[in-house]
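**Student:** 3D, please:
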Amino acid sequence: MKDIVFSSTTQLAAAIRAGDVSATEVLEVHLAQIATHNPALNAVVTMDAEQAHKRAREADEALALGEIWGRCMACPLR
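**Tutor:** Purely as a prediction, here's the structure:
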């Protein structure tokens, strides 16, 4: 996947399901983007990166087992 940060949720979900990128990789790229720009923007007030990493790992593990959590793999519905 060329540009994770500027991809739509639909594109990211399709790429995750196709195995082109992992949920963890998508998370890491977005966390890096937040770290780069949030000091100037102060747009993210609260962030739980630890929980986000846990959920991304769970999504990657579920996908590896053939489980899909809904239309948007990156957005679990449980």
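
**Student:** All the helices of the protein, residue numbers only.
**Tutor:** 9-18, 23-41, 49-64 (DSSP state H).

**Student:** Count the neighbours of the residue nearest to residue 34 when sequence neighbours are not counted for me.
**Tutor:** Setting aside the residues directly before and after it, residue 34 is nearest to residue 44 in space (CB to CB, 6 or more residues apart in numbering), at 5.5 Å. The way it works is simple: take the backbone N, C-alpha and C, and place the C-beta from them, glycine included. By other CB atoms under 10 Å, the residues close to residue 44 number 11.

**Student:** if I look at residue 44, how far off is residue 14?
**Tutor:** Using CB to CB, to the nearest Å, residue 44 is found at 26 Å from residue 14.

**Student:** okay, and the helix or strand of this protein with the least pLDDT?
**Tutor:** Across the helices and strands of the chain, the lowest-confidence element by mean pLDDT, DSSP states H and E is helix 9-18, at a mean of 89.
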